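# make a model of this:
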Amino acid sequence: MSRKCQLTGKKANNGYAVSHSHVRTKKLQEVNLQWKRIWWPEGKRFVKLRLSTKAIKTLQFKGLEAFAREAGVNLNKA
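Below is the predicted model:
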């Protein structure tokens, strides 16, 4: 499984680490991903998803069913 949020699609970003002498070296800014077990009331079961912390906050606002439909995720396979 790739390091990508299953609902928002967020993934790593390429950037530079800039030192005091302004020497730039490439670095990878990873997404803060968490495995979460979320209760899915319509399916009457828990769904395990790999989500970014931003997606977890948005999930509390929108709800799982609406957020998954918007992202095009099939919760029966998750």
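
# who's in contact with the closest residue to Q34 other than its chain neighbours?
In space, Q34 comes closest to L51 once its chain neighbours are excluded; the distance is 6.0 Å by C-beta to C-beta, 6 or more residues apart in numbering. The way it works is simple: take the backbone N, C-alpha and C, and place the C-beta from them, glycine included. Under the criterion of C-beta atoms under 8 Å, 6 or more residues apart in numbering, the contact partners of L51 comprise 5-8, 33-34, 36, 59.

# 10 Å instead, please
Applying C-beta atoms under 10 Å, 6 or more residues apart in numbering to L51 gives the contacts 5-8, 10, 31-36, 38, 57-59, 67.

# what's the answer for K54, then?
For K54, the set of contacting residues under the criterion of C-beta under 10 Å, 6+ apart consists of 5, 7-8, 10, 31-32.

# Provide the contact partners of the helix or strand hosting R69 at residue level.
When elements are assigned from DSSP states H and E, R69 belongs to helix 64-71. Helix 64-71 is contacted by residues 5-9, 38-43, 47, 49, 51, 55, 58-63, 73-75, 78 when judged by C-beta under 10 Å, 6+ apart.
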